[in-house]
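Participant: Below is the sequence, then the predicted model.
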Amino acid sequence: MAILEMKNIHKAFVGVPVLKGVDLTIQKGEVHALLGENGAGKSTLMNILTGVHLMDKGEVTFDGKDISNCSIRESENYGIAFVHQELNLFNDLRVYENIFFNKELKNPIGTLKKRLMIQKCLEVFQKLGVEIDPNAMVENLSASEKQTLEIAKAIFFDAKLLILDEPTTALSNEEIDHLFNLVENLKSEGKSFIFISHKMPEIFRLADRYTVLRNGEFVGTGNIADTNAEEVTSLMVGDAFDSSDVYQSRQLGDVILETQGLTGKAFRNIDLAVRKGEIVAFTGLQGAGASEVLQCFFGELPAFSGTLTVDGKVIKHNDIHKAMKNKVAFLPANRKENSVLPDMSLLENMYISEHTLSGLKPVINKRKERAKYAAQKESLSIKANSEEDLVISLSGGNQQKVFFARWLNTEADILLLDNPTQGIDVGAKAEIYKLILSLAEAGKTVLFNSQEIPEIMRVADRCAVFYSGEIVKVLEHQDISEHTVMLYATNAIQAVEE
């Protein structure tokens with residue numbers, strides 16, 4: 001018996017379709033894996049179900065009721081709970097206060113029934129088989145306990161369908177086992193789950209059925225028992241991408257960056273040797289450790305053990321200033337938060353790293369800086385008017401070029417790029433790809449992190465695939481494909497080999 005039916009769901013943002021006639025059916029008492037690459041439409045579909053977005057067209061039926069275009073509160077009242085990857089908990093409140101937030105139990109005169117709320121917390125925790133102190137501060141809970149607390153909130157208010165969005169990202173293997181046992185127990189009581197994950201071993205361990213979305217369209221659905229990891233991966237990625245029109249091989253130099261056993265926050269045992277003029281892509285699921293490795297190379301995050309060697313020198317106690325002195329540059333993810341200086345001009349945004357690097361240049365020579373800007377503007381094809389305009393006056397692609405210029409001004413030899421085309425339109429992306437290739441041709445070494453496999457295929461000489469904090473495979477250019485990368489990034493290769 002179906003508890004949820006979503007039929008012919010359409011949704012567009014600013015005229016751009018993101019869901020194109022999607023269907024989804026969830027049976028009572030099942031775990032249903034909702035699968036697809038980033039941008040496939042999974043989040044938009046769930047946001048429609050939970051009242052965050054209104055759909056343009058379609059029909060939603062839950063537990064026999066038409067709930068099309070319901071509100072967030074109505075969705076909760078119907079019994080739908082969304083346990084997000086970024087948990088919606090208040091760290092500075094106690095456990096029981098989180099569970100009853102905005103739904104407090106009160107006496108007739110308005111005072112809180114604290115003892116009753118604590119007792120009811122203990123009852124639901126006992127039912128779930130977990131030991132959490134209702135009076136504990138949430139900030140002191142482990143990741144697994146926080147995840148359990150989110151589920152306890154949903155169960156306490158009688159949720160019938162729980163949406164779990166990448167629930168194991170921050171959990172250890174033991175904590176994952178505990179979570180899955182909890183889900184299995186609740187399923188046996190008739191609760192239903194939508195399980196959003198890219199990790200194939202977990203999907204095949206926990207889910208009963210699956211639905212795949214690709215580019216906002218329904219691709220297929222079926223029983224997990226009737227398929228395998230390779231078939232599901234093929235449904236997710238579709239046809240292979242042809243990169244022959246962009247990628248250019250080139251003569252590489254000696255090893256310029258090398259790691260042995262490098263271990264730090266969110267990554268471990270990183271062994272890698274990168275040659276001068278090489279373009280190496282890092283990829284993996286969100287939280288797999290690729291971004292943190294780049295941050296470690298730049299001295300933003302410490303290494304706990306292992307060695308990092310740059311241009312023949314072993315780097316000890318690395319920090320950002322030391323990395324810049326060693327001609328390493330870093331273009332961080334999330335341009336708006338981490339790169340844009342909104343109150344500064346294009347010129348100031350460009351020269352700030354150069355003058356931060358050298359204490360011998362306390363005085364800024366505007367005439368020389370304007371000449372450098374003009375040269376970089378022409379070299380990088382930056383579309384802008386006056387160098388005195390604010391950087392926020394430019395498009396995302398041209399802003400990113402300004403930040404490339406910022407680091408090229410430091411004469412960096414190694415460029416670390418974390419999601420360099422994030423939030424950039426297709427045309428600007430193509431220009432960034434050409435820029436990366438031209439920099440490598442000029443002898444610069446580029447390491448970049450991306451979850452977009454087509455762009456990796458366009459520019460990378462090699463691709464290091466991360467899974468759960470480790471490099472599980474390094475692919476040569478000719479071996480890079482969406483299908484192959486996804487097999488390793490989701491650890492589906494383990495399921496295939498078994």
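Facilitator: Sure, I can see it. In this text the structure is predicted, and so the values were computed from the model without any measurement. Residues are numbered from 1 along each chain as shown.

Participant: how close does the residue most central in space within the chain sit to residue 488?
Facilitator: Centroid-nearest residue in the chain, with Cα atoms, centre = their mean: residue 286, separated by 3.4 Å. For residue 286, the distance to residue 488 equals 15 Å [Cβ to Cβ, to the nearest Å]. Bear in mind the C-beta positions are built from the backbone N, C-alpha and C, glycine included.

Participant: cool, residue 129 as well?
Facilitator: 35 Å.

Participant: quick revisit: secondary structure of the residue nearest to the centre of the chain: a strand, I assume?
Facilitator: No - with the criterion set as DSSP: H, G, I helix; E, B strand; the rest coil, the secondary structure at residue 286 is coil rather than a strand.

Participant: tally of neighbours for residue 104?
Facilitator: Neighbourhood size, residue 104 [other Cβ atoms under 10 Å]: 14.

Participant: Apologies, that question was intended for residue 430.
Facilitator: Counted with other Cβ under 10 Å, the neighbours of residue 430 add up to 16.

Participant: Tell me which residues touch it, please.
Facilitator: With contact taken as Cβ atoms under 8 Å, 6 or more residues apart in numbering, residue 430 is in contact with residue 246.

Participant: Please settle this for me: is it part of a strand?
Facilitator: No - secondary structure assignment (three-state DSSP) places residue 430 in helix, not in a strand.

Participant: Considering only helices and strands, which part of this structure has the lowest mean pLDDT?
Facilitator: Within the chain, no helix or strand scores below helix 335-338, which has a mean of 64 by mean pLDDT, DSSP states H and E.

Participant: C-terminal to that one, what's the next element?
Facilitator: Next helix or strand after helix 335-338 toward the C-terminus (DSSP states H and E): helix 346-357.

Participant: gap between the helix or strand following that following helix and the chain center?
Facilitator: With elements assigned by DSSP H and E, the helix or strand that comes after helix 346-357 is helix 366-380. Here helix 366-380 is found 35 Å from its chain centre; the criterion is Cα atoms, centre = their mean, to the nearest Å.

Participant: Help me confirm that residue 4 is found in a strand?
Facilitator: Yes - counting by three-state DSSP, residue 4 is found in a strand.

Participant: excluding its backbone neighbours, what's nearest it?
Facilitator: Here the nearest residue to residue 4 in space, its sequence neighbours aside, is residue 26; by Cβ to Cβ, 6 or more residues apart in numbering that works out to 4.1 Å.

Participant: dump the residue contacts of the one you found.
Facilitator: Under the criterion of Cβ under 8 Å, 6+ apart, the contact partners of residue 26 comprise 2, 3, 4, 5, 32, 161, 192, 194.

Participant: Equivalent analysis for residue 446, please.
Facilitator: Counting by Cβ under 8 Å, 6+ apart, residue 446 touches 278, 279, 280, 414, 415, 417, 436, 439, 440.

Participant: Ramachandran coordinates for the residue nearest to the centre of the chain?
Facilitator: Geometry field for residue 286 lists phi and psi as phi -60, psi 130, criterion degrees, to the nearest 10.

Participant: how close does it sit to residue 434?
Facilitator: Counting by Cβ to Cβ, the gap from residue 286 to residue 434 is 27 Å.

Participant: and if you look at residue 94?
Facilitator: On the measure of Cβ to Cβ, residue 94 and residue 434 end up 55 Å apart.

Participant: Looking at these two now, which is surrounded by more residues?
Facilitator: Legend: neighbour count by other Cβ under 10 Å for residue 94 and residue 434, higher for residue 94 (18 against 15).

Participant: What does the more buried one show for phi and psi?
Facilitator: Geometry field for residue 94 lists phi and psi as phi -80, psi 170, criterion degrees, to the nearest 10.

Participant: Could you pull up the contacting residues of residue 60?
Facilitator: Neighbour list for residue 60: 4, 5, 6, 7, 9, 48, 49, 66, 67, 68, 69, 70 [criterion: Cβ under 8 Å, 6+ apart].

Participant: With pLDDT and distance to residue 42 as added columns, please give these in CSV.
Facilitator: Compiled in CSV, the contacts of residue 60 are given as follows (pLDDT from 0 to 100; distance: Cβ to Cβ, whole Å):
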residue, pLDDT, distance to residue 42
4, 97, 15
5, 97, 17
6, 97, 12
7, 96, 17
9, 96, 12
48, 95, 11
49, 96, 11
66, 95, 23
67, 94, 19
68, 93, 19
69, 90, 19
70, 92, 19
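
Participant: Which of the contacts of residue 26 are buried? Put it as a ChimeraX command.
Facilitator: Typed into ChimeraX, the next command selects the buried ones out of the contacts of residue 26 (criterion: 16 or more other Cβ atoms under 10 Å):
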select :3,4,32,161,192,194
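
Participant: out of the contacts of residue 26, who's nearest residue 174?
Facilitator: For the contacts of residue 26, the closest approach to residue 174 (Cβ to Cβ) belongs to residue 194, at 24.5 Å.

Participant: so what's that closest one up against?
Facilitator: The contact partners of residue 194, by Cβ under 8 Å, 6+ apart, come to 26, 32, 34, 46, 161, 162, 163, 164.

Participant: out of those, who's nearest residue 307?
Facilitator: Comparing every one of those with residue 307 (Cβ to Cβ), the shortest separation belongs to residue 164, at 39.0 Å.

Participant: Thought residue 193 was touching the closest one, still the case?
Facilitator: Yes - shown here, residue 164 and residue 193 form a contact pair, counting by Cβ atoms under 8 Å, at 6.0 Å.
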